[in-house]
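Student: Output the structure for:
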Amino acid sequence: MKRIVPFLVGSAVAVSLAAAAFAQSSTPAGSDPSAAPAASSPAPATPPPDASAVPATAPASTAEAAKAPASNPAIDRVKERGMKISAKQKAEVDKKIDDIEKAIETESTTKGDAEVAGRVAAEFGVTPDALIAERSKYGRGWGELVVGRTLAANAKTDATLDDLFTMRSQGVGWASIAAGLDLKLADVVTAVKSEQQVAMGVEKGDGKPAMIATAAAPKTKADSKSVAKGEVKASASDAGVGGGVDLNKATGK
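Tutor: Numbering: from 1, shown residues only. The predicted structure is shown next:
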């Protein structure tokens with residue numbers, strides 16, 4: 001019995017030492033076995049999307065309306081009237097005016113801007129500096145400036161020189177603009193040719209831009225009489241033969 005007790009005590013000590021050795025070998029180097037394991041930081045909570053939030057984006061129609069230029073009644077009226085002339089008329093008049101513009105541009109290239117500005121300024125009653133400023137403002141050549149000022153001086157509407165060049169920047173031709181200003185197209189070409197002579201130094205400006213007749217109005221008194229006679233004859237024709245109208249008396253014959 002006495003031998004058994006020491007044996008049991010020795011076995012218990014050996015088991016304790018073995019357990020301690022095993023625990024030490026399973027602990028990572030440099031770590032404190034007594035330290036509590038570090039708690040992992042929880043992921044930051046992401047707030048749920050607010051279903052009531054609406055992106056601050058203007059409707060497409062509103063955005064387009066904001067970009068669209070404001071309507072100009074004077075320009076709208078000119079465009080509307082200008083659309084009534086035929087494509088053939090537009091092409092013919094635009095071609096003739098384009099040739100005039102090119103001739104004036106060639107002159108300005110040869111003689112210089114100051115020379116052409118001085119000639120044209122005297123015709124339109126402004127200073128050369130004012131014309132040079134306008135040319136820069138509109139971004140157009142001398143030929144177009146001469147055409148624009150000639151039409152503006154004869155305009156039968158409230159459209160301004162600014163309006164004319166706004167339409168040009170929108171791609172509207174001079175023929176359509178002139179027709180929209182209620183000007184006779186044949187006279188437009190003649191008047192612009194006259195101003196070309198001034199710009200090129202062939203004629204001297206007199207401070208009176210070439211005149212252009214109204215498209216709907218007769219040009220001379222003789223034309224007025226012809227129109228009146230035609231109206232009387234038409235009335236007599238409508239009344240029928242023996243309708244009580246003496247054509248000779250009505251027409252002054």
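Student: How about Gly173: what's its closest non-neighbour residue?
Tutor: Computed as C-beta to C-beta, 6 or more residues apart in numbering, the closest residue to Gly173 that is not its neighbour in sequence is Asp94, at 4.6 Å. Any C-beta I mention is one placed from the backbone N, CA and C, and that applies to glycine too.
Student: contacting residues around the helix or strand hosting that neighbour?
Tutor: Assigned by DSSP states H and E, Asp94 belongs to helix 87-111. Residues outside helix 87-111 that contact it (C-beta atoms under 8 Å, 6 or more residues apart in numbering): 115-116, 141-144, 146-147, 173-176, 178-179, 185, 188-189, 192-193, 196, 199-201.
Student: give me that answer again for 6 Å
Tutor: Residues from elsewhere that reach helix 87-111, judged by C-beta atoms under 6 Å, 6 or more residues apart in numbering: 116, 141-144, 146-147, 173-175, 185, 189, 192, 196, 199-200.
Student: Stretch 121-137 now?
Tutor: Residues beyond stretch 121-137 that count as contacts (C-beta under 6 Å, 6+ apart) turn out to be Ala117, Gly118, Val120, Leu145, Arg149, Val198, Gly205, Gly207.
Student: What subset of the residues you listed is buried?
Tutor: Using 16 or more other C-beta atoms under 10 Å as the burial test, these include Ala117, Gly118, Val120, Leu145, Arg149, Val198, Gly205 as buried.
Student: Confirm the fourth one sits in a strand?
Tutor: I take that to be Leu145. No: applying DSSP: H, G, I helix; E, B strand; the rest coil, one finds Leu145 to be helix, outside a strand.
Student: Not including adjacent chain positions, what is the nearest residue to it?
Tutor: Distance criterion C-beta to C-beta, 6+ apart; nearest residue to Leu145, sequence neighbours excluded, is Arg135 at 5.4 Å.
Student: what about the one you found, distance to Lys193?
Tutor: For Arg135, the distance to Lys193 (C-beta to C-beta, to the nearest Å) stands at 21 Å.
Student: one step back: could you give me the average pLDDT of the helix holding Asp94?
Tutor: Per-residue pLDDT over helix 87-111 has a mean of 96.
Student: Now that helix: buried residues?
Tutor: By neighbour count on 16+ other C-beta under 10 Å, the buried set for helix 87-111 is Lys90, Val93, Lys96, Ile97, Ile100, Glu101, Ile104, Glu105, Glu107, Ser108.
Student: cool, and stretch 126-144?
Tutor: Those would be Val126, Pro128, Leu131, Ile132, Glu134, Arg135, Tyr138, Arg140, Gly141, Trp142, Gly143, Glu144, for stretch 126-144 by 16+ other C-beta under 10 Å.
Student: residue ranges with poor pLDDT in the stretch 101-250 of the chain?
Tutor: Counting by pLDDT under 70, the stretch 101-250 of the chain shows low-confidence ranges at 217-250.
Student: quick one: the helices in the stretch 51-200 of the chain?
Tutor: For the stretch 51-200 of the chain, the helices defined by DSSP state H, counting those that start in this stretch cover 60-67, 73-82, 87-111, 113-124, 128-138, 142-154, 161-169, 174-180, 185-199.
Student: Right, I'll leave it there.
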